[in-house]
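Enquirer: this one's structure only:
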């Protein structure tokens with residue numbers, strides 16, 4: 001089952017400095033049929049104006065993954081961490097027992113990110129943060145794991161949940177596959193481009209909620225950049 005969720009059907013709000021689209025219920029957007037997908041709770045498509053951002057605010061007991069699509073995001077938190085994550089790269093914050101953080105676009109250009117929240121299956125752990133480069137060229141024609149709760153994914157940023165976040169970069173006409181256990185929940189969004197997913201057409205920034213599938217076959221109809229979450233029920 002693949003449920004296509006067109007970009008124009010997403011919830012959201014435009015705050016001027018922030019234009020946010022929500023794949024799932026978030027803030028003032030509440031849709032009982034879109035409360036999450038398995039352990040995936042939030043997928044926000046955020047456009048952040050230059051020299052603006054999210055001031056310090058707290059989180060706890062959530063895995064928060066930021067995938068930077070354009071520009072860069074600068075992070076600082078109550079642990080003393082500071083870092084800048086650029087387009088194509090990823091940061092992970094395990095909020096754990098509690099953390100306060102800020103995320104700013106200090107660039108001269110607009111920054112665009114996917115902000116993904118996954119419910120952890122480990123609780124009460126100390127908070128942590130990390131960032132890592134994932135060159136888009138290294139994902140050419142295939143899915144690469146960017147963040148993971150599985151020990152075998154040693155090159156990925158660690159997650160405290162039974163889930164993976166993956167990325168792929170496909171040229172028009174290329175195909176990539178991903179094996180999926182039928183019990184898992186997956187959610188895929190093309191950051192750019194146009195694709196067919198098991199025969200279902202998706203445009204840029206559309207969502208695809210996937211269930212009871214054992215293989216995902218993605219064909220790029222245009223040059224495309226993809227992000228996929230594979231999570232537990």
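Expert: Received the coordinates, thanks. These figures come from a predicted structure and were not determined experimentally.

Enquirer: Is residue 148 in contact with residue 162, as I believe?
Expert: No. Applying C-beta atoms under 8 Å as the test, residue 148 and residue 162 come out as separate, 9.6 Å apart. Where C-beta positions appear, they are placed from N, C-alpha and C, glycine not excepted.

Enquirer: Run through the bridge partners of the residue positioned nearest the centre of the chain.
Expert: For the chain, residue 116 is the residue whose C-alpha lies nearest the centre (C-alpha atoms, centre = their mean; 4.2 Å). For residue 116, the beta-bridge partners under DSSP bridges are residue 43, residue 65.

Enquirer: so it makes contact with residue 42?
Expert: Yes. Residue 116 lies in contact with residue 42 (C-beta under 8 Å); the separation is 6.6 Å.

Enquirer: Quickly note the distance from residue 172 to residue 49.
Expert: Noted for residue 172: a distance of 31 Å to residue 49, by C-beta to C-beta, to the nearest Å.

Enquirer: surely residue 189 meets residue 203?
Expert: No. Using C-beta under 8 Å as the test, residue 189 is too far from residue 203 to be in contact (10.4 Å).

Enquirer: Pick out whichever of these two has more residues nearby.
Expert: Neighbours were counted for residue 189 and for residue 203 using other C-beta atoms under 10 Å; residue 189 has more, 23 against 16.

Enquirer: List the contacts of that one.
Expert: 23, 43, 45, 114, 205, 206, 207, 208, 226, 227 (C-beta atoms under 8 Å, 6 or more residues apart in numbering).

Enquirer: give me the number of residues near the second one?
Expert: Burial measure for residue 43: 27 neighbouring residues, criterion other C-beta under 10 Å.

Enquirer: Can you give me the neighbour number for the residue lying closest to residue 107 once chain neighbours are set aside?
Expert: If the residues on either side of it in the chain are set aside, residue 107 comes closest to residue 71, at 4.9 Å by C-beta to C-beta, 6 or more residues apart in numbering. By the criterion of other C-beta under 10 Å, residue 71 has 20 neighbours.

Enquirer: Can you give me the distance of residue 71 to residue 26?
Expert: Applying C-beta to C-beta to residue 71 and residue 26 gives a distance of 22 Å.

Enquirer: Many thanks, I have nothing further to ask.
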